[in-house]
Structure formats: C-alpha cells, structure tokens
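Undergrad: Give me a model of this one.
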Amino acid sequence: MEMLLEAVVLARNSREVVNALSLLQKTVDGLMEGYFPQTLDPEIGMRYQSSHLLVLKGLQDQRAYGPQWTNKQVTKIVCDRGEQKYNLDAIEVLLRAHLINLQAFDMHLAQSMDNGMNQTAGAFAMNVAKRFLIDEKQSNILNEADLYNTLQVLAMIAARSSNPSDMPGPFGVRLAHLIELVRQNQDPAFLDKAPGGPTSMMHSGISQAREFDDPAGLQEKTEYLLREWVNMYHSPAGGRDSTKAFSAFVNQMHQQGILKTDDLITRFFRICTELCVKLCYHALSEQAHTPTLTRSKCFHTLDAFVRLIALLVKHSGDAANSVTKINLLNKVLGIVAGVLLHDHEKQGSDFQQLPYHRIFIMLLLELNAPEHVLETINFQVMTAFCNAFHVLRPSKAPGFVYSWLELISHRIFIERMLATMPQQKQGWPMYAQLLIDIFKFVTPFLRNADLSKHASLLYKGTLRLLLVLLHDFPEFLCDYHYGFCDVIPPNCIQMRNLILSAFPRNMRLPDPFTPNLKVDMLSDITQPPRILTNFSAMIQPVTFKKELDSYIKTRSPVTFLSELRGHLQVSHEPGQRYNVPLMNALVLYVGSQAIAYLHSKGSTPSMNTITHSSHMDIFQNLAVDLDTEGRYLFLNAVANQLRYPNSHTHYFSCTLLYLFAEANSEALQEQITRVLLERLIVNRPHPWGLLITFIELIRNPSFKFWSHDFVHCAPEIEKLFDTVARSCMQQKQASTTNQASSPV
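TA: Numbers count the residues shown, from 1 in each chain. Purely as a prediction, here's the structure:
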C-alpha cells in the first residue's frame with residue numbers, strides 16, 4: 001500500500017504518461033497479487049479493494065486519461081502477467097468496475113489455452129465461465145457473447161477429447177460437466193455454431209459494442225456522416241426509398257474511409273447507435289415538448305438510421321450471395337443489442353426503451369417489405385431477429401421488457417415466424433423459446449402473487465398474446481404445451497388453461513356435456529398428440545433414467561419406488577422442495593410408456609386396463625408417498641395432459657379417476673378435486689379433457705363424490721361445488737335441449 005501511495009503522489013505531481021503507466025501497473029499488480037478475500041478480514045479486504053479501485057477509476061475519468069486508454073492498459077497488464085493473472089477474485093473486481101476490455105480478454109483466454117495443451121489456462125477459463133455464466137449468471141457481469149471465443153475453444157477441446165485418455169484426471173470430467181451446464185443454462189446455439197457464421201457475427205457485435213478505443217477522429221467523422229445522411233433521407237431529392245441518397249452517401253463513406261475494414265464499419269454502426277440513443281435521451285429530458293413532438297423528434301433521426309441499415313443490408317455483396325447480407329445484419333443487430341445492454345446497465349432505473357424499440361420495429365418492417373431480394377433471405381433475417389430478441393430476453397434486460405413483449409407480439413413477426421416459415425423445422429421452435437423467455441421472467445411475480453401495477457400490465461400483455469395464438473395458431477400451442485407448462489408456476493391457472501385449451505383447427509371438438517358421451521368411442525381418442533419438446537431428455541441423471549426404464553419393464557430394482565421421492569426432492573424449503581421439471585417429465589414419460597404398452601397388447605386405456613402395471617405402481621406410489629406439496633405438483637403434472645381428444649388425454653383422465661377411486665385417504669381425493677376444481681372456477685376457456693374428467697367424477701355414482709366430507713366441510717365450499725355442478729348440468733341440459741330441437 002505504501003508503494004501505491006508513493007506512485008499516486010508521483011503521478012499527481014507529474015502529468016507525464018510514463019508516471020501514469022507506472023501507477024496503473026502498481027495498482028493492478030497490487031490487486032492481482034494481494035487481493036484474496038478468503039484469507040483477508042472482510043473489512044480489510046473491502047478497504048484494500050476500494051483503495052485500488054479508487055486509483056483506477058481516477059485514471060479512467062475523462063478529465064484524466066479516459067476509459068479507452070485506461071481499460072486498454074489494464075487489460076494489457078492483466079493478460080501479460082504470469083501465474084498471478086489467474087486470480088479470479090481480482091479479475092472479478094476489475095470486470096465489475098468495467099476496467100477490462102472484454103473482447104481482448106476473451107481472445108487472450110482462448111489463445112492461452114493453446115488448444116488444450118495449457119491445462120492451467122484451461123482450468124482458469126473454465127472457472128471464469130462457471131462463475132459468470134452459471135453461478136452468477138443473473139449478475140450480467142459477463143454474458144455468453146463476451147466469452148464467445150473462450151467457449152468455442154472449450155467446446156472444441158471437449159469434443160475432440162471424447163476419449164478420456166486425451167484429458168486425464170478431473171480436468172476432463174470437469175470440462176465435460178461445464179459444457180453440459182453451459183448448454184443447459186445459456187444458449188446452446190453458442191456452442192454449436194461455427195466461427196464466422198451468423199450467430200458468431202451477432203455475438204461479436206454484442207461484444208464490440210463495449211469497445212471504446214476508437215481511432216482518432218472517427219467519432220467526429222461518424223457524427224458528420226450521420227447528420228449528412230439524416231438530411232439526405234428527409235430531402236425530397238433522396239429518391240424513392242432513399243435510393244438516390246444512398247448512392248451519394250456510400251461515396252461519402254468511401255471518401256471518409258469508413259468502408260476500408262470490417263472493424264471500421266462495426267465502429268461506425270456502434271457510434272451511430274450511441275448518437276441516436278443520446279439524442280433520444282436529450283429529447284425525452286426536455287419538458288417543454290409534448291410527448292408527440294418528442295417522439296417525432298426522436299424518430300426523425302432513428303428512422304433515417306434504420307433506412308441506412310436496411311439499404312446497406314440489401315445492397316451488400318452480390319445478388320446471388322446472401323452470406324454478406326446476413327452477416328452484416330447479424331453484426332448490426334448485435335451492436336444494437338450490445339449498446340442496449342451496456343446502456344441498461346449504466347442507466348439503471350433511468351433507462352429509456354424508446355430508441356431501441358424504434359430501431360428494432362422499423363428494421364423488422366423494412367426487412368419484411370415485399371421485395372424479391374428480401375424474400376430470398378427472409379428465414380435468415382427472422383432467425384437473426386429471434387436470436388437478438390433472445391439475447392435481450394427480459395431476464396437479461398428487464399428495463400426493456402415492455403418493448404420486448406410488443407416486438408414479439410407484432411403481427412408481422414408472429415405471421416412470419418408461425419405462418420410463413422415451414423412450421424416445426426424453422427420458425428416454431430424459435431418462437432417457442434421466446435415465449436418461454438417471457439414465462440420465466442413473469443414466474444417470480446406470479447408465484448408469489450406479487451402483481452404490482454407494472455407486473456399486472458406485463459401479465460395482461462402476455463395473456464393477450466396467448467389469446468391471439470390460441471385463436472390464430474392453436475396447433476403451435478398444442479405442440480409446445482409441455483415446454484410452456486413446464487415453466488409456468490402452478491398457481492397461474494388461467495394462463496395454463498389458455499395453452500391447454502388449444503386443439504387442432506381440423507378437429508371438431510365433441511361437446512363434453514353430451515349425455516352418455518362415450519369418450520372411448522371417439523375417433524381421435526386413440527391418436528397420440530404431437531409434442532415437440534424432448535421431455536424424456538429431462539429425466540436426469542442418466543442412472544435414474546436407466547433405473548426407471550428397468551422398473552417399467554421388469555419391476556426391478558425393487559428399491560426403485562422407495563427411492564423415487566429422494567430423486568424428486570431437492571430441498572426442505574417450503575414451496576421449493578421438488579424438482580418440478582423432473583416431476584413433469586417423469587409423469588408424461590411413464591404415461592407415454594403405459595399407452596404404448598396398452599396398444600402393444602391391442603388394448604386402450606380404461607379404469608380396468610390401466611391397473612396392475614408398473615406404470616400405475618409408480619403413479620400410486622407418488623400419490624401416497626409424497627407430502628402435500630409434492631402430491632399437488634404430481635397431480636398438476638397429470639392434469640396438464642387433460643387437453644383435446646387424444647390418447648394422452650384419455651389415459652391421464654382414467655388415471656386421475658382411478659387414483660380417486662382407489663385412494664386410501666380422503667386427503668388424496670380432496671387434493672385431486674382441488675386440482676380439477678381450481679382450473680374450472682377461473683374464466684373460460686377450459687380444456688376439454690378437464691371438463692369430461694370432472695363431469696365423470698361428479699356424475700358417476702361409483703365415485704360417491706357427493707358423500708365425501710370435504711364437499712360439505714363449510715357452507716361456502718358446499719355452495720361452490722353446487723354452483724360448479726349446476727353450471728355443468730345446466731350446460732348439459734342446454735345441450736340436450738338443442739339436440740332435441742335441432743332438425744334431423
């Protein structure tokens with residue numbers, strides 16, 4: 001600390017760069033060699049960290065040497081060090097303070113591993129990825145874009161070294177485990193896309209959005225060019241779709257040297273984006289203007305900038321080769337996303353969505369215009385937007401969530417993703433991922449019923465989007481119902497009902513209130529539904545899956561049922577005791593296997609055929625052995641399969657009724673009733689399978705439903721049951737009357 005103080009005094013008395021460099025070197029050295037919070041007293045450790053950061057932040061100040069110079073020097077010192085550069089705690093301090101150039105740090109990590117030959121560097125890179133992408137992923141210190149090259153090298157080493165002898169000891173095991181964790185927690189496309197492809201272009205754009213070490217004069221050139229383009233765009237002489245203005249402007253870009261290298265083009269787009277955003281912040285801060293005038297002022301520049309991007313994308317490369325166009329679009333979208341993430345982090349609660357929303361929505365419209373050159377690359381264009389929106393998902397940029405929801409709900413975006421592209425292979429899975437992103441974000445608010453004004457607005461917007469999808473693309477909801485219900489909390493009954501009520505448009509849904517409806521005689525009831533989520537892969541670990549398959553086939557090992565609860569329970573914290581995705585996957589997997597077994601025997605599900613099987617043993621064990629919380633989650637997983645007429649609906653309806661009939665306690669029967677009833681007392685729509693199951697339960701005397709104490713436990717409960725039953729019976733009678741009065 002004394003040496004640091006001497007260096008501070010020397011640098012203060014002399015403005016020479018060499019003294020500033022010496023001070024910076026000693027400060028970084030002090031952090032890297034002396035900051036080990038595990039061995040320091042917490043208060044001393046905090047003071048040690050703060051004193052070093054104070055010096056570096058002083059050098060980073062614009063009035064001193066600025067962030068570009070300081071970050072460049074700090075990064076160089078860190079990368080040039082020996083073993084001390086592997087002090088992860090010190091690296092985290094520098095990253096949190098935005099003192100490291102992320103792109104250079106990522107490249108250094110990737111290169112230092114020497115394709116797996118340097119295991120010390122490899123172990124450190126693994127620790128960096130684990131801490132920032134898994135353990136502290138919500139902190140947003142680093143994202144997958146910032147470690148793109150590092151992850152690529154780690155994935156390459158893991159893929160090449162599938163033979164354990166190539167990676168002896170715990171290193172190989174840890175690396176394989178880390179890659180799997182990153183695949184589960186982050187974007188799988190990141191590890192699967194080849195370097196130089198569209199996805200890598202986007203993520204390099206995101207990373208370069210934080211690169212501020214620009215060549216001298218580039219800021220001024222860009223500002224001048226943007227101002228010139230805005231004037232040309234709004235000039236009547238610009239020509240139709242600004243084509244004349246664009247030709248003249250490209251010449252100006254050539255003259256200014258902007259088009260010489262990819263790096264300069266990237267920096268040009270980043271500076272343009274920042275200038276547009278800065279202009280919007282300034283306009284929004286002026287109280288004198290009306291909201292309409294303020295927006296008009298912002299859009300004046302933003303729309304011109306978007307048109308420039310669209311024209312450059314359309315005219316880049318030759319007409320026959322679309323790679324250049326797609327790479328440029330991905331790079332620009334990555335830059336805008338990167339600027340947004342950086343701005344979101346810096347501004348906090350003062351973050352403004354408007355400029356980014358306008359850029360994305362106008363660019364989406366520009367690139368979906370009815371032009372041949374755009375139609376030929378539409379799939380790649382929409383994929384790029386999907387990737388950008390996934391990068392900016394609400395959990396990453398919560399301040400952008402309302403604009404984000406509006407973007408993915410836009411009619412052009414939905415139509416292109418779900419109608420224009422071939423369904424299951426292209427647009428559907430990408431759009432399903434975006435819906436899962438919003439479901440995951442609203443889950444904490446909905447799970448605790450913490451619906452503030454802002455959360456309520458977001459929830460209503462999500463419901464409206466689901467209603468649009470239910471009306472226009474019900475097959476989409478049918479095919480992805482499992483993945484959606486897997487992330488929606490159990491208490492979000494109406495949201496889940498909207499998804500489960502979807503049925504194929506070519507199907508005529510039988511009236512569930514028809515008297516003496518023979519469900520097993522329906523033509524569709526033997527057909528399996530299409531589920532596009534790989535739920536069997538969610539049954540982990542592999543050893544558990546093997547034991548499950550073994551028990552289903554041979555009822556061995558004999559300890560499987562007694563150990564089943566232990567596989568599902570993950571903690572003793574109320575409300576978080578169970579692994580819900582594993583529970584959901586287990587229920588659907590066992591049910592699917594049971595249906596396949598019945599069909600192989602030439603049978604169909606019924607109260608008689610589903611009994612005395614390994615599948616029903618598992619379900620009965622779960623119903624009896626789990627506590628109240630676990631049993632509720634299990635019954636919800638069963639009820640999630642009560643949908644339109646299909647073999648799954650039939651089997652799981654029979655299963656619920658069988659569990660009710662064979663229950664060894666009234667508590668289980670009461671909980672089955674609760675799960676069905678709470679889905680019926682919310683606003684419509686109600687899933688068809690849910691209705692036929694509940695009607696059968698209250699109507700069939702063999703279940704003795706009305707004789708149970710829980711039906712009459714309190715006047716308000718009894719009144720509720722009467723109301724629901726009367727509603728069902730009235731609809732049934734109305735259906736009967738309509739049938740009697742209808743002409744033959």
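
Undergrad: what's in contact with the one helix or strand Gly566 maps to?
TA: Element membership for Gly566 (DSSP states H and E) is helix 560-568. Under the contact criterion CB atoms under 8 Å, 6 or more residues apart in numbering, helix 560-568 has outside partners 544, 547-548, 550-551, 578-579, 582-583, 586, 617-618, 621-622, 625-626, 630. From N, CA and C alone the C-beta is placed, and that goes for glycine too.

Undergrad: Any of those residues buried? List them.
TA: Among the contacts of helix 560-568, the ones that count as buried by 16 or more other CB atoms under 10 Å are 544, 547-548, 551, 578-579, 582-583, 586, 617-618, 622, 626, 630.

Undergrad: one step back: show me what counts as buried in the helix holding Gly566.
TA: 560-561, 564, 567-568.

Undergrad: rewinding a little: now tabulate the buried ones among the contacts of helix 560-568 in CSV and tack on secondary structure and distance to Ile695.
TA: Converted to CSV, the buried ones among the contacts of helix 560-568 look like this (DSSP: H, G, I helix; E, B strand; the rest coil; distance: CB to CB, whole Å):
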residue, secondary structure, distance to Ile695
Phe544, helix, 37
Glu547, helix, 38
Leu548, helix, 33
Tyr551, helix, 34
Tyr578, strand, 30
Asn579, coil, 33
Leu582, helix, 32
Met583, helix, 27
Leu586, helix, 28
Asp617, helix, 28
Ile618, helix, 27
Leu622, helix, 25
Leu626, coil, 27
Gly630, helix, 28
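
Undergrad: of all these, which two lie farthest apart?
TA: Greatest spatial distance among the buried ones among the contacts of helix 560-568 (CB to CB): Asn579 and Asp617, at 20.8 Å.

Undergrad: picking up where we left off before, put together a markdown table for the buried residues of helix 560-568, with pLDDT and distance to Leu40 on each row.
TA: As requested, those are arranged in a markdown table below (pLDDT from 0 to 100; distance: CB to CB, whole Å):
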| residue | pLDDT | distance to Leu40 |
| --- | --- | --- |
| Phe560 | 92 | 49 |
| Leu561 | 92 | 51 |
| Leu564 | 92 | 46 |
| His567 | 91 | 41 |
| Leu568 | 92 | 41 |
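
Undergrad: Considering those, which is situated nearest to His612?
TA: Using CB to CB, the buried residues of helix 560-568 come closest to His612 at Leu561, 14.8 Å.

Undergrad: Tell me how confident the model is about stretch 597-611, as a mean pLDDT.
TA: Averaging pLDDT along stretch 597-611 gives 88.

Undergrad: hang on, Thr611 in a helix?
TA: No - counting by DSSP: H, G, I helix; E, B strand; the rest coil, one finds Thr611 to be coil, located in no helix.

Undergrad: quick one: low-confidence ranges for the stretch 601-744 of the chain?
TA: For the stretch 601-744 of the chain, the stretches with pLDDT under 70 are 727-744.

Undergrad: Tell me where it has helices.
TA: 614-625, 628-639, 647-661, 666-680, 688-699, 715-741 (DSSP state H, counting those that start in this stretch).

Undergrad: Could I have the CA atoms of the third one written out in PDB?
TA: Once non-C-alpha atoms are left out, helix 647-661 reads as follows in PDB (Å, rounded to 0.1, in the frame of the first residue of the first chain):
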ATOM      1  CA  SER A 647     -54.600 -40.900 -26.300                       C
ATOM      2  CA  HIS A 648     -52.800 -38.900 -23.600                       C
ATOM      3  CA  THR A 649     -56.000 -37.100 -22.500                       C
ATOM      4  CA  HIS A 650     -57.800 -40.500 -22.300                       C
ATOM      5  CA  TYR A 651     -55.100 -42.200 -20.300                       C
ATOM      6  CA  PHE A 652     -54.500 -39.400 -17.800                       C
ATOM      7  CA  SER A 653     -58.200 -38.900 -17.300                       C
ATOM      8  CA  CYS A 654     -58.600 -42.500 -16.500                       C
ATOM      9  CA  THR A 655     -55.500 -42.300 -14.200                       C
ATOM     10  CA  LEU A 656     -56.900 -39.400 -12.200                       C
ATOM     11  CA  LEU A 657     -60.300 -41.100 -11.800                       C
ATOM     12  CA  TYR A 658     -58.600 -44.400 -10.800                       C
ATOM     13  CA  LEU A 659     -56.400 -42.700  -8.200                       C
ATOM     14  CA  PHE A 660     -59.600 -41.000  -6.800                       C
ATOM     15  CA  ALA A 661     -61.500 -44.300  -6.700                       C
END
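
Undergrad: and it, what does it pack onto?
TA: helix 580-600, helix 614-625, helix 628-639, helix 666-680, helix 688-699 (3 or more CB pairs under 8 Å, 6 or more residues apart in numbering; DSSP states H and E).

Undergrad: what inclination does it have with respect to helix 666-680?
TA: With axes from the mean of the first three to the mean of the last three CA atoms, to 10 degrees defining the directions, helix 647-661 sits at 140 degrees from helix 666-680.

Undergrad: Please apply the same query to the second one.
TA: Relative orientation of helix 628-639 and helix 666-680, computed by the same axes, to 10 degrees: 50 degrees.

Undergrad: Give me the buried positions along helix 628-639.
TA: 630-639.

Undergrad: what about His300, how many neighbours?
TA: When neighbours are counted by other CB atoms under 10 Å, His300 registers 14.

Undergrad: Equivalent analysis for Leu677, please.
TA: Neighbours of Leu677 (other CB under 10 Å): 15.

Undergrad: Likewise for Gln641?
TA: Gln641: 28 neighbours (other CB under 10 Å).

Undergrad: my guess is it meets Ser647, correct?
TA: No - contact criterion CB atoms under 8 Å: Gln641 and Ser647 do not qualify, at 10.0 Å.

Undergrad: Would you mind putting the helices and strands packed on helix 647-661 into TSV with distance to Phe710 alongside?
TA: Below are those laid out as TSV (distance: least, CB to CB, whole Å):
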stretch	distance to Phe710
helix 580-600	24
helix 614-625	16
helix 628-639	14
helix 666-680	4
helix 688-699	13
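
Undergrad: How much space separates Leu374 from Gly205?
TA: 21 Å (CB to CB, to the nearest Å).

Undergrad: Give me the more crowded residue out of those two.
TA: Taking neighbours as other CB under 10 Å, Leu374 and Gly205 compare with Gly205 leading, 26 against 17.

Undergrad: which residues touch the helix or strand the more buried one falls within?
TA: Per DSSP H and E, Gly205 falls inside helix 198-208. Residues from elsewhere that reach helix 198-208 (CB under 8 Å, 6+ apart): 102-103, 106, 143-146, 148, 189-190, 193-194, 266-267, 270, 326-327, 330-335, 337-338, 341, 380, 383-384, 387-388, 391.

Undergrad: pretty sure Ala502 belongs to a strand, no?
TA: No - assigned with three-state DSSP, Ala502 falls outside any strand and is coil.

Undergrad: So it sits against Leu470, correct?
TA: Yes - between Ala502 and Leu470 there is a contact under CB under 8 Å: 5.5 Å.
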